[in-house]
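Chemist: let me see the structure of the following:
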Amino acid sequence: MVQCATLRIEKIMITKIDSDIYRGSSVPPELSAYVALNPAKRPGSIVFGGAISGREGLGGQIACKLALESFTDGVMSFFEALPPQTLGSDELLSESLTVQVLESAFRSSNDAVYSFGHSMAAGGKMGASLVGLVVHENIAAAARVGSSVVYLVRAGETFAFFEKKAPAHLNAAIPQPLVGQNAMVQVELASIPVQSGDTLVVLAEELDLAQERVLADFLNDYDFTEKLAAHDICSLVFPEYREAHFALAVKLGVDAIYLSEVVTADF
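Modeler: Next comes the predicted model:
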């Protein structure tokens, strides 16, 4: 008896990510660091984290490295704890799960820096700013402690994930929150559905309104396959772009169908 194959159409993964990261050539490596990974091991997914020393001296440098290492550990632990079938289910379509990844990672980061600081009798003297971005299943979630920023650029407009902070000279009396400064950390969180054609940009510094308009115009019809967007963005909007701690540019698209995700066969 001959058995024919019955094809089942599974959920189609259509989003491909093109991304690149820029770091200024004059930035001392001990003052900032970044990481990019795909713990979900699926097309169209990325996790980015960037940390900047929030204190002068060795304590701030240690806090920066420890904050990012612990962020990465928190992300990996979160995905490793998920049942294998979860990564192929509709559960990851919810905005809440991408936010939970960042909550877990920022909690791990703060706990590590805070505990280390107190073990070295440096409580309150160690700290780092931290920004995180998770893109998965057409949802982008961002989190920050400090002044780094995340933008969505769509159809010639720039949208910020977080509210603007007051300029430094107007906000000098209010200390900048840092990871590891206190036992509990207040994290700014935001998430949004994304679509093919969107660009996500993470910068260590905030842009003013004029720079945001320049960014949107610049990325309109930008060729991500032939150029390095993160470098070009920094050279465009920052006078001293070689001093940029980090910049990430993520382009969603061109659409691609991954056959391993589309068709299965029963014989």
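Chemist: and residue 81, how many neighbours?
Modeler: The tally of other residues near residue 81 (other C-beta atoms under 10 Å) stands at 9. C-beta here means a position set from N, CA and C on the backbone, and glycine is covered the same way.
Chemist: any idea how far it lies from residue 140?
Modeler: Noted for residue 81: a distance of 22 Å to residue 140, by C-beta to C-beta, to the nearest Å.
Chemist: contacts only, for residue 25.
Modeler: residue 242 (C-beta atoms under 8 Å, 6 or more residues apart in numbering).
Chemist: element containing it?
Modeler: Residue 25 belongs to no helix or strand when assigned by DSSP states H and E.
Chemist: cool, and residue 78?
Modeler: Taking DSSP H and E as the criterion, residue 78 maps to helix 58-81.
Chemist: and that helix, what does it pack onto?
Modeler: When contacts are defined as 3 or more C-beta pairs under 8 Å, 6 or more residues apart in numbering; DSSP states H and E, helix 58-81 packs onto strand 32-37, strand 46-53, helix 95-119, strand 128-136.
Chemist: neighbouring strands - and their directions - for the shortest one?
Modeler: In its sheet, strand 32-37 lies beside strand 46-53 (antiparallel), with partners assigned from DSSP bridges.
Chemist: and the strand it pairs with, how far out from the chain middle?
Modeler: Strand 46-53 has its C-alpha centroid displaced from the chain centroid by 6 Å (C-alpha atoms, centre = their mean, to the nearest Å).
Chemist: and the angle from it to strand 128-136?
Modeler: Note on geometry: by axes from the mean of the first three to the mean of the last three C-alpha atoms, to 10 degrees, strand 46-53 and strand 128-136 are set 170 degrees apart in direction.
Chemist: switch to numbering from 3
Modeler: With the count now opening at 3, the last piece we talked about shows up as strand 48-55.
Chemist: quick one: average pLDDT of strand 48-55?
Modeler: What strand 48-55 shows for mean pLDDT is 96.
Chemist: ditto for stretch 227-245
Modeler: 92.
Chemist: kindly report the same for stretch 119-138.
Modeler: pLDDT averaged over stretch 119-138 gives 84.
Chemist: now it - C-alpha only, PDB.
Modeler: Extracted C-alpha coordinates of stretch 119-138, given in PDB (Å, rounded to 0.1, in the frame of the first residue of the first chain):
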ATOM      1  CA  GLY A 119      29.300  46.300  45.600                       C
ATOM      2  CA  HIS A 120      28.200  45.500  49.200                       C
ATOM      3  CA  SER A 121      30.500  42.500  49.400                       C
ATOM      4  CA  MET A 122      33.400  44.900  48.600                       C
ATOM      5  CA  ALA A 123      32.200  47.500  51.000                       C
ATOM      6  CA  ALA A 124      31.400  49.800  48.000                       C
ATOM      7  CA  GLY A 125      27.700  49.900  48.500                       C
ATOM      8  CA  GLY A 126      26.100  52.800  46.600                       C
ATOM      9  CA  LYS A 127      29.400  53.600  44.900                       C
ATOM     10  CA  MET A 128      29.000  51.100  42.000                       C
ATOM     11  CA  GLY A 129      26.500  51.600  39.200                       C
ATOM     12  CA  ALA A 130      26.000  51.500  35.500                       C
ATOM     13  CA  SER A 131      23.400  52.600  33.000                       C
ATOM     14  CA  LEU A 132      21.800  49.800  31.000                       C
ATOM     15  CA  VAL A 133      19.500  49.500  28.000                       C
ATOM     16  CA  GLY A 134      17.900  46.400  26.500                       C
ATOM     17  CA  LEU A 135      16.000  45.500  23.400                       C
ATOM     18  CA  VAL A 136      14.100  42.300  22.600                       C
ATOM     19  CA  VAL A 137      12.600  41.700  19.100                       C
ATOM     20  CA  HIS A 138      10.700  38.500  18.700                       C
END
